[in-house]
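Asks: With the input below, show me the fold.
(2 chains)
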Amino acid sequence: MMEVARCLVRCRGLLWTLVQRELRARYRGSVLGFFWSLLNPLLLLAVYSFVFGTILKRGDLVDVEPYGVFLVTGLFPWIWFSTSLLEGCSSLTGNSGLIRKAVFPVEVLPAVAVASNLMHFLLALPIVAVALVAGRLLGYPIGGWTCVLLPLVLVVETVMIAGLAFGLSALGVHFKDVRDLLGNVLLLLFFLAPIIYTLGDIPPELARLVQLNPMTSFTVAIQDLLFHGRLPAPQVWLTMTAIAAASWAAGAGLFSRLSDTLAEAV
Amino acid sequence: MGRPAVALRAVGKRYRRAAGGYRLRTLKSALLERSLTSGLAASDTVEALADISFEVAAGEAVGIIGGNGSGKSTLIKLVAGLLRPSAGELTVNGRVAALIELGAGFHPEISGRENVFINGALLGLSRRQIEDRYDDIVEFAGLGDFIEEPIKNYSSGMYVRLGFSVAIHTDPEILLVDEVLAVGDEEFVHRCIARIDEHLSQGGTLLVVSHSMGLIDELCDRAVWLDQGRLRAIGSTRRVIDAYFEAVAAREGEAHERRRALAAEGGESQTGAEETAPEEEEILRWGSGQARIVAARLVAGAAREERYHLHCGEAAAFELEVEPREELDDFVFGVGVKTPRGVDCWGTNTDLAGYEPRRLSGPVRVRLACPELRLAPGEYTVDLAVHARDGRAYDYRRRALRFTVAESSALRSIGLYLPDHEWHVEALGGGAGDGAADRQAAIDWRSPDHSESAPPRSGGAPSDSRRME
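Replies: Okay, here's the model as predicted:
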């Protein structure tokens, strides 16, 4: 695990170069170019708020206002999480030509998937800020100084996502099935996270199930800091740290055990 | 010289077979033993390399030759660190640059300039180093303004040139080249070779895989010959290349022989049922059948053994056994040597030679003997015929025999015919002065056996030791 971390520190220059490549290449050739990284989450947000805010909304089911702003604080971190895992999972198999032909630290590939999606998330944060300010101007008691603690959560969450991405990427080399499975698991996890509802809206026994979702505590923490303007409870911090540590230990550990054979297996 | 740049001790490499069904087992052995194959039975793996031991001294240039699938690329990848040996020990001392697939990691959507920085970073250069070398890289690649275009608009040659340029500018101590020079145009290849020469003259080490024996001969001090994953020979470049050519020719000769044996079997079974002969057979063999060529072979060398690979200038004889169906008073035996594409190299018959037929009433063996068959290295086919003097065929057998003349680094030439030859040069008087010292300087060169000799001794062949037998 430490080998992987050390390697990433050592080749941070390469990591950064590849993240830039990723960001540059993604929207090259499209009319709106870079604005897609803002537009994509916005459009997704529009879809979700229409479906869950208008079509499915029962006044007594989800008790949170304004719903769109609440949704944005949970949805954007989720997009970062899920796209990082999906891209991370295929980061090795998708670059098999590179891995077989060039000598370079393979560790950067899953890391690039996580980091470039983190960049997209950060670039979309202004949307969250605008939504929060707008909500406040409309008189809702949302947001507050607690948002300055967001980076702290993001650091812990990055470790958690990176751990999973490393593990999934190495597994994906051996089992192509991982990617298909992952898509479905992510869909389940999305609905099992308090993104479109709050933990208070659902029955306690269901809430316990939702608590098992690794993303739940991160979602709750970010919603607390940004939307509710309050500090997350101590056990939320503890859970996040524990999940991140476990995820990194398992994922990076698996990756480094398998790293010797990756070039051959991929 | 100190430590060798590359040292292999009993190195072996196994691959798993691609067939599925072992995913869990390979994962388990990858996890526990860091190898994909240790959990698999021998039948589920392929041995790409076995028991390879040799050393490459720092500053040495070594060529790796061998047929397809002999393990050359695996060996290069092991040295590059892309693969790990499954047996034995491999040590590499020095910074390695592997020119295996050029431009791996280029992103098609972004410009050549940005790709130089990305590729350089992948190959281990810092941003500063790339900035310092950027101009050299672009100039070497010869792309001009195109460097600002997205890579997807590049021709394949431009792509490879840029890839090579970036890789060569990483200042490697050990340069690994795997058949990448085959893609560029002549001019670029020359520039690459010049650059590799520069690398060598600066004390760099080179390991190169190529099917171009000329290139290997030009660049390398020593050569390694791999054959089906095993080290067949190692030694001075020319010796190994010649041994390789020899083996290739022998293998081809055996193939010719097998084919001939098969054809003979088919031919015999056919004599009883001529109507059912397939059309193809008719094109390869025709005639009235008044006389038949029932056997044919090529014998070679002083020992007159049946053999289908020769050396240039070796004694060889074409033998055919002919059986007449009836008594004939008009008959000619003919032999024609052609290239596989049908170009006539040489042909003769007993009529041209002036023999006058009188009577053929029983089986005979006819031999056309050549004390020195001076065909240039390559593949040849032989047409054999018995016919009447006006050309009416009794039995004409097209491509009845095939043989290979072995290549050899000492016998490189162009064309089909290779007479015994020597180069002689002598300085003429005149020019800038007429003193002995000036004549001395009229020419300076290196003979093919790499002994400095300027000017050549009068009448001295460049390399007596390698003249043809």
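Asks: Secondary structure element for B:K77, which one?
Replies: Counting by DSSP states H and E, the element that carries B:K77 is helix B:72-80.
Asks: Now do that helix: which elements does it pack against?
Replies: strand B:6-16, strand B:45-56, strand B:61-65, strand B:87-92, strand B:96-99, strand B:174-178, strand B:205-209 (3 or more Cβ pairs under 8 Å, 6 or more residues apart in numbering or on different chains; DSSP states H and E). Every C-beta, even on glycine, is put in place using the N, C-alpha and C of the backbone.
Asks: Low-confidence regions, the stretch 151-300 of chain B specifically.
Replies: Counting by pLDDT under 70, the stretch 151-300 of chain B shows low-confidence ranges at B:183, B:263-282.
Asks: go with 50
Replies: Judged against pLDDT under 50, the low-scoring parts of the stretch 151-300 of chain B cover residues B:268-282.
Asks: mind listing the strands for it?
Replies: Assigned by DSSP state E, counting those that start in this stretch, the stretch 151-300 of chain B shows strands spanning B:174-178, B:205-209, B:222-227, B:230-236, B:285-286, B:291-300.
Asks: Quick check: which of those is nearest to B:P363?
Replies: For the strands of the stretch 151-300 of chain B, proximity to B:P363 was assessed by Cβ to Cβ; strand B:291-300 is nearest, at 7.5 Å.
Asks: Pull the residues that contact the helix or strand just after the closest one.
Replies: Next in sequence after strand B:291-300, counting helices and strands by DSSP H and E, comes strand B:305-306. Residues from elsewhere that reach strand B:305-306 (Cβ atoms under 8 Å, 6 or more residues apart in numbering or on different chains): B:257, B:297-300.
Asks: which one among those gets closest to chain A?
Replies: Nearest to chain A among the contacts of strand B:305-306: B:E257, at 39.5 Å, using Cβ to the nearest Cβ.
Asks: How about the closest one, nearest residue that isn't a chain neighbour?
Replies: B:Y308 (5.0 Å; Cβ to Cβ, 6 or more residues apart in numbering or on different chains).
Asks: Most neighbours among the contacts of strand B:305-306, please name it.
Replies: Among the contacts of strand B:305-306, the one with the most neighbours (other Cβ atoms under 10 Å in any protein chain shown) is B:L298, at 25 neighbours.
Asks: Looks like that one contacts B:Y308 (just checking).
Replies: Yes - using Cβ atoms under 8 Å, B:L298 makes contact with B:Y308 at a distance of 5.8 Å.
Asks: shared neighbours, those two?
Replies: B:401, B:403.
Asks: any idea how far the residue lying closest to B:A250 once chain neighbours are set aside is from chain A?
Replies: Closest residue to B:A250 apart from its sequence neighbours, by Cβ to Cβ, 6+ apart: B:H309 at 5.0 Å. Plainly put, B:H309 is 37 Å away from chain A if you go by Cβ to the nearest Cβ, to the nearest Å.
Asks: Equivalent analysis for B:R365, please.
Replies: Taking Cβ to the nearest Cβ, one finds B:R365 at 58 Å from chain A.
Asks: where does that residue land in three-state SS?
Replies: Under DSSP: H, G, I helix; E, B strand; the rest coil, B:R365 falls in the strand class.
Asks: Many thanks, have a good one.
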